[in-house]
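Chemist: let me see the structure of the following:
(2 chains)
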Amino acid sequence: MKRRGLLLALLLGLLPGSLKAAPSLEYAVKAAYLPKFIPFITWPDGAFAGADAPFTICLLGQDRFGGKLDQAAAGLHAGDHAVQVRHLAGPDPAANCQLIFLPAGSDPALVRGTLDAMRGRPVVTVTDSGLSVHGMISFVIESNHVRFDIDDAMAGEAGLAISSKLLGLAHAVKMRGQP
Amino acid sequence: MDGSKRNWSPMVVGALTAAAVLLAAGVLMAVYQEQLYSAQQAKSVREQAQILAASVTAAVVFADQKAAQEYVDATRVNPELQAAAVYGGDGHMIAGFTRDTRLPAIVKEVSASTGAGYIDIAVPVSQDGAQVGIVLMRGLTEEALRQSHKMEAVGQLSGGIAHDFNNLIMIVKGNLRLLRRKLGAQTEGTPVGTYIESADEALDRAAHLTQRILAFSRRQPLTPQRVNLSTLAQGLTELVRHSVGEKVEMIMRLNGTWSTLCDVNQMENVILNLAINARDAMPEGGRLVLETRDVTLDAPPAELEGENFTPGDYAALAVTDTGVGMPDEVRRRAVDPFFTTKPQGKGTGLGLSMTFGFVRQSGGYLVIESKVGRGTTITILMPRDREGP
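Modeler: This is a model prediction of the structure:
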């Protein structure tokens, strides 16, 4: 029984381009995207503890990337700040995140609570596809491709500037000044 | 005497020197102008490449082909650009467009180079000082640009002249008719009658030629109607057989059933034109195949690669000869107006270009396949008329 299940999983994994059949591919793409957002976003001066403080990507709850995010971020720099990934079991005000990722399957109350706590603070909130509440950037799956929506109004409230180049690539954008 | 000689020489020398200096200055000026233009053209292509490189960064970083293609397509509006493409960090093309040219599939290096009639500029797509991709743009050089402007002007000019010329022909024809009426029965059986007859026939031919030039420069409206190419070709069998002569074996394979919308007279001209071209390619005789068939194309034929092709159903008509064929450089120029390889006085160089113009105007495509020594196949693809069978 177990063997057959494994075989099935292998076969499904081989289906080309199908993200549903191969969740690892979907999260490999998302892991690659997360650090790529950084150069297109400008954080206000007070967002870092110091000039040489690290740039921290926080991963809240379950790690669906299986280490791929750590690989993608390894050796990267955001300006003068070395990029690091922190795995957080729950909200941690001392973590000093610049970007926080909330994976699918997280407790909705936790996601909502985190987003509320981060509101107005210079932290880019990224929510996974399948969540009912959305951060500044929210992943969406469209015809088997990973894309993302951007809430530029929310980013604006937090004093963050998102480059028009990134906005131009988004699946949907909520502009500043919109209700 | 000696004194005057001594006075003359410096003047002559001076004048000659001045002339030489002026001439040299003129040549230098011309060279400088030419270089200045090339430099300007290169600068303009580089600027556009840089603008594209700056705007396409996010699309390259996220390998978003659709977004990259949208940015590239926006540069299409510039007719002086032959091609533009965006390459990712690994050097593979993400998006691009071309006009009658081919771009390399992989580009990794920033460069500037000049080819036959074009100039290539490759600039980096950068993010925070790091190169994440390449934008390659191909612009026409001054010479090629001049040629295309010249062709445009020639087209407009010949259209205008043909229009006036047509009116003049009508006046001469009218006067000939009046002359014949005035002379009445007197001319019958006399040389005068023959003269008038010949003049009238020549005028008909002239009128026909101006019609063709008008159609070419698109000043003559076309009246499209539903046409079945097989039926049309069937009706032309005798005429085609007569035009190609006895040395050429003629085979008809009319399997096409779909209809298309086009001007019947023009389409008849096209078929005759293609048949006559085929005949001229086989001076020693050979085989001519006139073929129609229904084709469904999901992608453009290789010869149309890079053109703006609409996939779909097409009524195809192909004329194949077993003649001399065309080398590639001739094939590429075959539809250029006034381009002909026929001896002087034998061809106007307008036949294929008019065919091309008409086919494009009717929403179709012209495909030329040729091998030197083996023969040529010219296929016209006309969009299927959905209303018809």
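
Chemist: can you tell me the SS state at the residue nearest to A:Cys97 when sequence neighbours are not counted?
Modeler: Sequence neighbours aside, A:Cys58 is the residue nearest to A:Cys97 in space, at 3.7 Å (criterion: Cβ to Cβ, 6 or more residues apart in numbering or on different chains). All C-beta spots, glycine's among them, are computed from the backbone N, C-alpha and C. With DSSP: H, G, I helix; E, B strand; the rest coil as the basis, A:Cys58 sits in strand.

Chemist: what distance do you get for A:Cys58 to B:Gln127?
Modeler: 23 Å (Cβ to Cβ, to the nearest Å).

Chemist: between the two, which one's more packed in?
Modeler: A:Cys58 (22 against 17; other Cβ atoms under 10 Å in any protein chain shown).

Chemist: residue contacts, that one?
Modeler: Neighbouring residues of A:Cys58 by Cβ atoms under 8 Å, 6 or more residues apart in numbering or on different chains: A:Val85, A:Arg86, A:Leu88, A:Asp92, A:Ala95, A:Cys97, A:Leu99, A:Ile100, A:Phe101.

Chemist: flag the least confident of these.
Modeler: Scanning the contacts of A:Cys58 for pLDDT, the smallest score is found at A:Asp92, 76.

Chemist: what about B:Ala105, how many neighbours?
Modeler: B:Ala105 has 11 neighbouring residues, counting by other Cβ under 10 Å.

Chemist: next: A:Tyr27.
Modeler: Neighbours of A:Tyr27 under the rule other Cβ under 10 Å: 21.

Chemist: in the stretch 51-200 of chain B, what residue comes closest to chain A?
Modeler: Nearest residue of the stretch 51-200 of chain B to chain A, counting by Cβ to the nearest Cβ: B:Ala58, 4.0 Å away.

Chemist: B:Ala130: how many residues sit nearby?
Modeler: 10.

Chemist: list the contacts of it.
Modeler: By Cβ under 8 Å, 6+ apart, B:Ala130 has no neighbours at all.

Chemist: cool, and B:Val132?
Modeler: B:Thr57, B:Val60, B:Val61, B:Gly88, B:Gly89, B:Val125, B:Ser126.

Chemist: what's the spacing between the third one and B:Thr379?
Modeler: As for B:Val61, its distance to B:Thr379 is 43 Å (criterion: Cβ to Cβ).

Chemist: kindly report the same for the first one.
Modeler: Applying Cβ to Cβ, the value for B:Thr57 to B:Thr379 is 43 Å.

Chemist: and for the helix or strand hosting A:Pro35, what's in contact with it?
Modeler: A:Pro35 belongs to helix A:23-37 when assigned by DSSP states H and E. Residues from elsewhere that reach helix A:23-37 (Cβ under 8 Å, 6+ apart): A:13, A:19, A:57, A:64-66, A:68-69, A:71-73, A:76, A:83, A:99, A:101, A:124, A:126, A:128, A:137, A:139, A:141, A:146, A:148, A:166, B:61-62.

Chemist: what does stretch B:288-300 give?
Modeler: Against stretch B:288-300 from outside (Cβ under 8 Å, 6+ apart): B:229-230, B:233, B:240, B:244, B:248-258, B:271, B:275, B:278-279, B:282, B:307, B:309, B:311-322, B:365, B:381, B:384.

Chemist: got it, and stretch A:147-155?
Modeler: A:33, A:41, A:119, A:124-125, A:134-141, A:161-162, A:166-167, A:170-178.

Chemist: and for stretch B:26-35?
Modeler: Stretch B:26-35 is contacted by residues B:Glu142 when judged by Cβ under 8 Å, 6+ apart.

Chemist: run a quick neighbour tally on residue 136.
Modeler: All of this is about chain A. By other Cβ under 10 Å, the residues close to A:Met136 number 28.

Chemist: if you could check chain B rather than the one you did, that'd help
Modeler: Number of residues near B:Leu136 (other Cβ under 10 Å) recorded here: 23.

Chemist: excluding chain neighbours, what is closest to it?
Modeler: B:Ala122 (4.6 Å).

Chemist: B:Gln50 is in contact with that neighbour, correct?
Modeler: No - the pair B:Ala122 / B:Gln50 is not scored as a contact, 11.1 Å apart, by Cβ atoms under 8 Å.

Chemist: shared neighbours of these two, anything?
Modeler: Joint contacts of B:Ala122 and B:Gln50 (Cβ under 8 Å, 6+ apart) are B:Val135.

Chemist: so between those two, which is more surrounded?
Modeler: Neighbour count, other Cβ under 10 Å: between B:Ala122 and B:Gln50, B:Ala122 has more, with 22 against 16.

Chemist: for chain B, what lies in contact range of chain A?
Modeler: Residues of chain B lying close to chain A by Cβ under 8 Å from any Cβ of the partner chain are B:Ser55, B:Thr57, B:Ala58, B:Ala59, B:Val61, B:Phe62, B:Asp64, B:Ala67, B:Gln127, B:Asp128.

Chemist: the third one contacts A:Lys165, correct?
Modeler: Yes - using Cβ under 8 Å, B:Ala58 is in contact with A:Lys165, at 4.0 Å.

Chemist: so the two - more neighbours on which side?
Modeler: Taking other Cβ under 10 Å, B:Ala58 and A:Lys165 do not tie; B:Ala58 has more neighbours (26 against 19).

Chemist: ok but the more buried one is inside a strand, no?
Modeler: No - checked against three-state DSSP, B:Ala58 lies outside a strand; its state is helix.

Chemist: got a list of what it touches?
Modeler: Counting by Cβ under 8 Å, 6+ apart, B:Ala58 touches A:Phe40, A:Ser163, A:Lys165, A:Leu166, A:Gly168, A:Leu169, B:Asp64, B:Ala67.

Chemist: and the gap between the second one and chain B?
Modeler: Going back to what we said before, that points to A:Ser163. For A:Ser163, the distance to chain B (Cβ to the nearest Cβ, to the nearest Å) stands at 7 Å.
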